[in-house]
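*Asks:* got a predicted structure plus its sequence, pasted below:
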Amino acid sequence: MRIPVVIPAYEPDNNLITLCGNLINNDITDIIIVDDGSGEEYSEIFSTVKTKYNCTILTHDINKGKGRALKDAFEFLLSDNSLVGCVTADSDGQHSVNDIKKCIDALIANPQSLILGCRNFSGDNVPTKSAFGNTLTRNVCRLLCSVNVSDTQTGLRAIPKDFMNHLLSTSGERFEFETNMLIETKDRVSIVEVPIETIYDSKDNHKTHFRVVVDSIRIYRIFGRIFAKYLVSSLSSSVIDLIIFQTICHFTRDSIAAYITIATVIARIISATCNYMFNHLLVFKSNKAKSITFGKYASLAIIQMFASALFVYLGVSILPNITESYIKIVVDVILFFISYKIQQKFIF
């Protein structure tokens, strides 16, 4: 049963040597380090951990990012049939040996789960930007992706072998890869949280290669892309609805008395079916059976239609001086966001 410790390292300091020494002293000897293009200046540190502690060193000629470093380590390990999974840890001294051992034990107990070593961000020693960033990302991840974890940015993770293999094709070459990893757990693996120490050099002077602006944009672009797909899906379905409605009206208005009703029903059925397929395949990428999700989606669409009519009617009754169209826009926008959460959590 092999569970190596994988440490991506870019321009590390002596904390990497200390960490490797502590791991060896606690009988954790299977250590894979990825030198992510640190350069000649840092070669002595990597040479030390290789010769003194017999660590395996994988090397990038240039800096490719934490995500790429982790994927290359996964690919290096996956051919071993005895592999259960691996534990990823940071090189900057944030993760203690005891916490790494906790994650190893948790993976042994839950071999098909992603184990997260989760920090407590309420302590006085936590840098302000780290506490704020984690709180914001945690809430956005929960609202837009239905991934509810207490520490979205932790680098201490125990990853099962099958999920490691899946992650090779997951997008993200830098810090955003770890966010994508959380999103990819949906319908694949469960998440188990393990409380760990919150270790920083000092409150506002902790060394990190996380670039607040650039890397935050990369991470939040993931969330924006997910919601943008839902928005495009909804707008596309509205356009389809309008085109079909106008087409049917054009050919039936002189021959069928109830042409508007017929056009409305047919257009709504076709556009709703298209919207369902867009959401199932592209937006939420659901693995659930279509026979189940379609019935739930159809029920939601009917309820949403009646809810829209009801609240527009109530709005007009309460605010008679405001045009129905304005009230309908407000009602439908609110229902749009509610529908997103319902589809995300209960349907797809």
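*Replies:* Cool, the structure landed. The shown structure was predicted, so the numbers you read here are calculated from the model rather than taken from an experiment.

*Asks:* only C-alpha atoms for contact and neighbour calcs from this point on.
*Replies:* Will do.

*Asks:* for the stretch 151-300 of the chain, which segments count as helices?
*Replies:* For the stretch 151-300 of the chain, applying DSSP state H, counting those that start in this stretch gives helices covering 161-167, 176-183, 212-252, 259-278, 290-318.

*Asks:* avg pLDDT for the longest one?
*Replies:* Helix 212-252 comes out with an average pLDDT of 81.

*Asks:* list the helices and strands it packs on?
*Replies:* Contacts defined by 3 or more Cα pairs under 8 Å, 6 or more residues apart in numbering; DSSP states H and E place helix 212-252 against helix 128-145, helix 176-183, helix 259-278.

*Asks:* and among those, the most buried is which?
*Replies:* Highest mean neighbour count of the helices and strands packed on helix 212-252: helix 176-183, a mean of 21 (counted as mean count of other Cα atoms under 10 Å).

*Asks:* below-threshold pLDDT in the stretch 151-300 of the chain: ranges please.
*Replies:* 200-216 (pLDDT under 70).

*Asks:* residue 88: what's it in contact with?
*Replies:* When contacts are counted by Cα atoms under 8 Å, 6 or more residues apart in numbering, residue 88 touches 5-8, 155-159.

*Asks:* residues near residue 185, how many?
*Replies:* When neighbours are defined as other Cα atoms under 10 Å, residue 185 has 16 of them.

*Asks:* actually residue 232, not the one I typed
*Replies:* Neighbours of residue 232 (other Cα under 10 Å): 14.

*Asks:* before we move on, what about residue 184?
*Replies:* Look at residue 184: counted by other Cα under 10 Å, it has 17 neighbours.

*Asks:* now do residue 84
*Replies:* Neighbours around residue 84, by other Cα under 10 Å: 20.

*Asks:* tell me the pLDDT of it.
*Replies:* Per-residue confidence at residue 84 stands at 97 (pLDDT).

*Asks:* cool, residue 309 as well?
*Replies:* 80.

*Asks:* any idea how far residue 170 is from it?
*Replies:* Per Cα to Cα, to the nearest Å, residue 309 is found 42 Å from residue 170.

*Asks:* now do residue 310
*Replies:* The gap separating residue 310 from residue 170 is 43 Å, by Cα to Cα.

*Asks:* those two: who's more crowded?
*Replies:* Using other Cα under 10 Å, the more surrounded residue of residue 310 and residue 170 is residue 170, with 16 against 12.

*Asks:* how about that one, what does it touch?
*Replies:* So residue 170 contacts 177, 180-181, 184 (Cα under 8 Å, 6+ apart).

*Asks:* adding distance to residue 149, write those out as JSON lines.
*Replies:* Below are these laid out as JSON lines (distance: Cα to Cα, whole Å):
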{"residue": "177", "distance to residue 149": "16"}
{"residue": "180", "distance to residue 149": "13"}
{"residue": "181", "distance to residue 149": "12"}
{"residue": "184", "distance to residue 149": "14"}
